[in-house]
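Undergrad: Any chance you could fold what I've pasted below:
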Amino acid sequence: MTHLACVEIEPQTPATASVIWLHGLGADGHDFEPIVPELRLPPELAVRFIFPHAPSIPVTINGGMVMPAWFDIRGMDLDTAVDEQDILDSAAATRALIEREVERGIQTERIVLAGFSQGGAVVLNTALSHPEKLAGLLVLSSFFAAQGALTTHPANRDIPIQVFHGTQDPMAPEVLGQQTVAALKELGYQPAYKTYPMPHAVCPEEIADISSWLQSILKH
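TA: Numbers count the residues shown, from 1 in each chain. Here you go, the predicted structure:
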């Protein structure tokens, strides 16, 4: 089976856990590669990081310019202007990476899905619909898109969900983070939410919190 091209960072010892981390619009798999050493995860966690590259497609909101994107955005209202089929296709491509990790000996309960901005919208759909229990879901500066196309699966009813957002974000305003948390709670999930005084980016305090969260869900 053909998989998305990825940047992969292996731990010092054979991997026993994996983090599949999707980038945002216009970026690529190298975008979050520098974060791995900054997380300072204990070597014994043996986490493999996988940063897939989105395909390049025309993006309507950017004048039809072709760029790496997980889905098309047709307008400013992110609730209604996203291409649901694109999200489902990207979720399927992410699911194929989960299956590849299982083939490489990683249990699904040791696989974390993470995503920034557009990537966060994709992993929300992927994790909540996945038919096998996952370790956790990390949503960074993102939004809950294509909710109408989402079919949740009980396998991840209790998945740990952490949502982080910047209060000074001009690209994905913080209200989208609040709406994501509210929608998740309405669906019966229990997301944790924290904000930082930052724009559409990550900051050192957030990186430290990501590290703590990953260690908490992968320590056992």
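Undergrad: all helices in this structure, in order from the N-terminus.
TA: Using DSSP state H, the helices of the chain run over 35-39, 84-103, 118-129, 174-186, 204-218.
Undergrad: neighbours around the residue nearest to Thr152 when sequence neighbours are not counted, how many?
TA: Distance criterion Cβ to Cβ, 6 or more residues apart in numbering; nearest residue to Thr152, sequence neighbours excluded, is Leu128 at 4.9 Å. C-beta coordinates here come from the backbone N, C-alpha and C atoms, glycine included. For Leu128, the neighbour count with other Cβ atoms under 10 Å is 25.
Undergrad: Leu128 and His23, how far apart?
TA: Distance, Leu128 to His23, using Cβ to Cβ, to the nearest Å: 20 Å.
Undergrad: now do Leu41
TA: Leu41 sits 20 Å away from His23, going by Cβ to Cβ.
Undergrad: quick one, which of the two is more surrounded?
TA: Set side by side, Leu41 and His23 show more neighbours around His23, with 25 against 20, by other Cβ under 10 Å.
Undergrad: Touching, the more buried one and Asp31? I think so.
TA: Yes: judged on Cβ atoms under 8 Å, His23 makes contact with Asp31 at a distance of 4.4 Å.
Undergrad: Name the residues contacting each of these two.
TA: 51, 116 (Cβ atoms under 8 Å, 6 or more residues apart in numbering).
Undergrad: would you list the helices of the chain in a markdown table and tack on distance to Phe51 and mean pLDDT?
TA: Output for the helices of the chain, formatted as a markdown table (distance: least, Cβ to Cβ, whole Å; pLDDT from 0 to 100):
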| stretch | distance to Phe51 | mean pLDDT |
| --- | --- | --- |
| helix 35-39 | 9 | 98 |
| helix 84-103 | 10 | 97 |
| helix 118-129 | 10 | 98 |
| helix 174-186 | 22 | 97 |
| helix 204-218 | 14 | 98 |
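Undergrad: Could I get the pLDDT score of the residue lying farthest from the centre of the chain?
TA: Most distant residue from the mean C-alpha position of the chain: Gly63, 25.6 Å away (Cα atoms, centre = their mean). We have a pLDDT of 94 for Gly63.
Undergrad: who touches it in this structure?
TA: When contacts are counted by Cβ under 8 Å, 6+ apart, Gly63 is found next to no other residue.
Undergrad: what separates it from Gly24, distance-wise?
TA: For Gly63, the distance to Gly24 - Cβ to Cβ - is 18 Å.
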